[in-house]
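# Requesting a structural model of the entry that follows:
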Amino acid sequence: METTNKSIDQIANPTPMQKVINPTPLMQQAVNPSPMQQAINPAASLQVINQTPMQRVLKPENPLQQLIKHDRSMITMSDDNMMVKQIQATHAPDGREFDVRPLYQLVEDILNRATLAVDPSISAAQTRIETSQDRTHQANFTALLEALSFTIDRISCEIAYKSLGGGDAHATTLSIFNQLSSYSWDAKLVLTLAAFAVNYGEFWLLAQIYSTNQLAKSMAILKQLPVILENSGPLRPRFEALNNVIKAMMDVTKCIIEFKELPPRYISKDVPALAKGLTHIPTAVYWAIRSVVACATQITTLTSMGHEYWLSSTSEAWELSTLAHKINSILDVLKKQLALCYQHIGEKIDAETFQMLQNLFQSIHIDNMKILRALICPKDDVLPLLEGSTKRRVNIDVLRRKNVLLLISGLSIPHDELSILEQIYNESRVSGNRMENQYEVVWIPVVDPSVVWTDAMQNRFETLQATMTWYSVYTLKQINKAVIRFIKEVWHFRNKPILVVLDPQGKVVSPNAIHMMWIWGSNAFPFTSLREEALWREETWKLELLVDGIDPTILNWVKEGKFIYLYGGTDMDWIRKFTTTAKTVASAARIPLELVYVGKSNKREQVRKCTTAITVEKLSYCWQDLAMVWFFWTRLESMMFSKIQLGMTVDVDPMLREIKKLISYDKEGGWAVLSKGSFVFVNGHSSTVLPTFIQYNSWKDDVPTKGFEIACMDYHNKLHSDSQPCCRFEFPSDFGKIPDNIKCPECLRIMEKYMTFGCCHEDDALNALY
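Here you go, the predicted structure:
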């Protein structure tokens, strides 16, 4: 009797620690009397269940509620450092490792399908049985389950027993850690989740099939499932809280598994991001297993004490939300560190891939497949290319042992550039042409990996791709960071299109043949540097070099031996004076003259206005299609870049000197190139060419003896020597490899270098943002 009184006294006045750490069975009996106790002493049971309002005020809350309150206090105020020391003391892995992901996927499948099946419109995705590549049927996985089944059953029984007995959640969690001491942290957590899934899955399996299966129906009645499901409406918020905790547990488990699967080849444990993440994993595992215990207790409470009690107690819901918040807070930290780990790994892989590309291009190959696969389809995409004419996806083998021109650009290829390149490409495909099928073009668009991809950029990519008649990569995702780095650092791509030429063995024979393409078109085949040098040896400074492939009318005038003056600029006053004076001099000298306005290298709209005015005033012949103006200046700049790329300088190359003069004059106002047939006799700035014609009377007497062109050239050279205009060259920042220094084409001194900013107020410039 004394013992009984003492026990009753402990129930009535337990210490807070007793309530949290060691609730006695008598305490549980007072809260949840068994059927036998109710039969023996119904009055006592009624007193517990049917309290008067005064009893509720005077009598303290039941011991289980106090237990939950103190447990909740421990959740919010516990010292994680002390807790980590406790669980670290239980951690003694014996070196045995197994792949936990298949087991995790099985548990994930169970918990995803285990849901409150009271809504008739339950998602078909939750009831559909997956049949493709079911990992649970694999022999290795079956053997793994056989080896782990005892451990899973033992943990499952431990959780169920402690949940029924009202044991302390912390103590139960430590008990599980002790039983799993020989396993790694990720294995501890996945095994505990598997043990929970056994009971939780069984509960919801019965709930989902009891209405159609008699055996399930009988078992469901034993677990009070019909009553629970009949009151599913009020229970839904509680189950949602339960689902939130389960989701948090699964998310943090997945994150921990990802930490475990990080490749040691690219990241070691001493890397700060990984080291910091690993310090949080024991805490994460503890709170996840602690949450498993809490969830199991919730289900046990529901089936053993009835849904009325479950609904009346708000403490359990508060505990679940607190646990979910705790786990999600830890998960945020782990995700941040995991992201840093992936960034570190990505950088290592990119560096390795970059070095691999360098090694590949330094090696000798029997064909170009290794090179092209490394550049275009590193992930072994079966159909990485889009064929331009048919718009069908094709295998990279269509390029095997062919000369391949890699057109590398951003998403802002000017329309003029694209159309002329297409014209050159299509001409090489004309039936019977010896160039047919000897080279292929592949477009590789390059976009800064740090730029967020937008729908506008995708539309721009698809629009450009649709206009191309050659091959292109099917999607931008094929081009990885290492390839982009290689293209920028080794091939000096900035944003301006380049054309890298690979021979049939994948060797780079020209780092940028775009200049050759603009100057000579397909005649530059096979687009090697040797071919480029050979073509330049065949050229001289003549008018055909400037207008070849642009306007056959001018070439006909050349054949006729006419005097042809090309001129440019956007100063209409100067243009009127120059054309009028030139015509007057030609009439006086009785020479056949043709004037051609070729605009300016930039300021497109001003050129358009000048062209209109020249046409209306009938000042001279001009190109109505501004693409021809663009091509003239692009070819001229390509000539300079081509010679610079070959290492030519103005002091040893007279042709480069004249090309540079003309480009420089364009930056400083008007200019004119005077020729008789092919022979160019004056290449001058507006400040000297117009005065030469104005002062015709000063040199007209030399015309009969020297000829018009020589007399004009001599007098112009005299004026030029007296007043030399400044020379200026502009290299856009996206040009690629800019020369370290340039000699002035006039005085041959090294030119000063400046950095300038400019805006020509043209809409096309906006495309450079891509």
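
# which stretches of the stretch 551-700 of the chain form helices?
552-559, 572-589, 604-617, 626-645, 654-667, 686-694 (DSSP state H, counting those that start in this stretch).

# can you give me the helices in the stretch 151-300 of the chain?
Counting by DSSP H, counting those that start in this stretch, the helices of the stretch 151-300 of the chain are 169-179, 185-209, 214-222, 225-230, 232-260, 272-312.

# by contact count, what packs against the helix or strand that comes right after the longest one?
Right, helix 272-312. Counting by DSSP states H and E, the next helix or strand C-terminal to helix 272-312 is helix 315-362. With contacts taken as 3 or more CB pairs under 8 Å, 6 or more residues apart in numbering; DSSP states H and E, helix 315-362 sits against helix 63-77, helix 232-260, helix 272-312, helix 369-376, helix 481-489. Every residue, glycine included, has its C-beta placed from N, CA and C.

# Could you export the helices of the stretch 551-700 of the chain as JSON lines, including distance to K254?
Output for the helices of the stretch 551-700 of the chain, formatted as JSON lines (distance: least, CB to CB, whole Å):
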{"stretch": "helix 552-559", "distance to K254": "69"}
{"stretch": "helix 572-589", "distance to K254": "71"}
{"stretch": "helix 604-617", "distance to K254": "56"}
{"stretch": "helix 626-645", "distance to K254": "53"}
{"stretch": "helix 654-667", "distance to K254": "61"}
{"stretch": "helix 686-694", "distance to K254": "72"}
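
# Make a markdown table out of the helices of the stretch 151-300 of the chain and add mean neighbour count, distance to M628 and mean pLDDT.
As requested, those are arranged in a markdown table below (neighbours: other CB atoms under 10 Å; distance: least, CB to CB, whole Å; pLDDT from 0 to 100):
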| stretch | mean neighbour count | distance to M628 | mean pLDDT |
| --- | --- | --- | --- |
| helix 169-179 | 20 | 80 | 90 |
| helix 185-209 | 22 | 68 | 88 |
| helix 214-222 | 13 | 83 | 81 |
| helix 225-230 | 16 | 80 | 70 |
| helix 232-260 | 18 | 58 | 87 |
| helix 272-312 | 20 | 57 | 83 |
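
# Which of these sits closest to A324?
helix 232-260 (4.7 Å; CB to CB).

# Give me the packing partners of that closest one, helices and strands only.
Contact analysis of helix 232-260 by 3+ CB pairs under 8 Å, 6+ apart lists helix 101-113, helix 185-209, helix 272-312, helix 315-362 as its packing neighbours.

# Identify whichever of those helices lies nearest to C712.
helix 315-362 (52.5 Å).

# The closest one relative to helix 369-376, how many degrees between them?
Calculated by axes from the mean of the first three to the mean of the last three CA atoms, to 10 degrees, helix 315-362 forms an angle of 140 degrees with helix 369-376.

# what separates helix 315-362 from the chain centre, distance-wise?
Helix 315-362 has its C-alpha centroid displaced from the chain centroid by 16 Å (CA atoms, centre = their mean, to the nearest Å).

# go on, stretch 105-116?
32 Å.

# List the buried residues in it.
L106, V107, E108, D109, I110, L111, R113, A114, T115, L116 (16 or more other CB atoms under 10 Å).

# Tell me, how many residues neighbour the closest residue in space to A275 that isn't next to it in sequence?
The shortest distance from A275 to any residue other than its chain neighbours is 6.1 Å, reached at K269 (CB to CB, 6 or more residues apart in numbering). Using other CB atoms under 10 Å, K269 has 10 other residues around it.

# repeat for T151
With other CB under 10 Å as criterion, T151 counts 18.

# so what's it up against?
Q179, L180, L191 (CB atoms under 8 Å, 6 or more residues apart in numbering).

# Kindly report the same for A197.
Per CB under 8 Å, 6+ apart, neighbours of A197: L106, V107, I110, L111, A114.

# what about the third one, distance to K260?
Translated: I110. 21 Å (CB to CB, to the nearest Å).

# And G165, by the same measure?
34 Å.

# my guess is R392 meets L386, correct?
Yes - taking contacts as CB atoms under 8 Å, R392 lies within contact range of L386: 7.4 Å.

# Could you check which of those two is surrounded by more residues?
More crowded of R392 and L386, by other CB under 10 Å: L386, with 21 against 10.

# Dig out what that one forms beta bridges with.
Residues in a beta bridge with L386, per DSSP bridges, are R393, S472.

# pretty sure it contacts R393?
Yes - with contact defined as CB under 8 Å, L386 counts as touching R393 (5.9 Å).

# okay, now R494: neighbour count?
R494, neighbours per other CB under 10 Å, totals 15.

# A339 too?
A339: 12 neighbours (other CB under 10 Å).

# Endpoints of stretch 385-392, how far apart?
8 Å (CA to CA, to the nearest Å).

# So which bits of it are buried?
The neighbour-count check on stretch 385-392 (16+ other CB under 10 Å) flags L385, L386, G388 as buried.

# give me every residue that touches the second one.
The one in question is L386. Counted by CB under 8 Å, 6+ apart, L386 has contacts R392, R393, V394, Q465, Y471, S472, V473, Y474.

# By neighbours, which of the residues you listed wins?
Y471 (24 neighbours).

# right, and that residue touches E387 too?
Yes - with contact defined as CB under 8 Å, Y471 reaches E387; the gap is 6.1 Å.

# Need the overlap of contacts for those two.
Common neighbours of Y471 and E387 (CB under 8 Å, 6+ apart) are V394, V398.

# any low-confidence regions in the stretch 301-450 of the chain?
304-317, 378, 380-381, 431-437 (pLDDT under 70).

# same thing but at 90, please
Scanning the stretch 301-450 of the chain with the threshold set as pLDDT under 90 gives 301-322, 376-383, 388-389, 411-439, 448-450.

# quick one: which of the helices of the stretch 551-700 of the chain is nearest W491?
That would be helix 626-645 among these, by CB to CB, at 12.4 Å.

# what's that closest one packed up against?
Counting by 3+ CB pairs under 8 Å, 6+ apart, helix 626-645 packs on helix 415-427, helix 514-520, helix 529-537, helix 543-547, helix 604-617, helix 654-667.

# For it, which outside residues touch it?
Contacts of helix 626-645 (CB under 8 Å, 6+ apart): 414, 416-417, 419-420, 511-512, 514-516, 518-519, 532, 536, 545-547, 549-551, 598-601, 604, 607-608, 611, 623, 653, 655-656, 659-660, 662-663, 666, 735, 739.

# ok, Q337 touching G277?
Yes - at 3.4 Å, Q337 and G277 qualify as touching, with contact defined as CB under 8 Å.

# Quick one: residues in contact with stretch 336-355.
So stretch 336-355 is in contact with 255, 258-259, 262-263, 266-267, 271, 273-274, 276-277, 280, 378, 480-483, 485-486, going by CB under 8 Å, 6+ apart.
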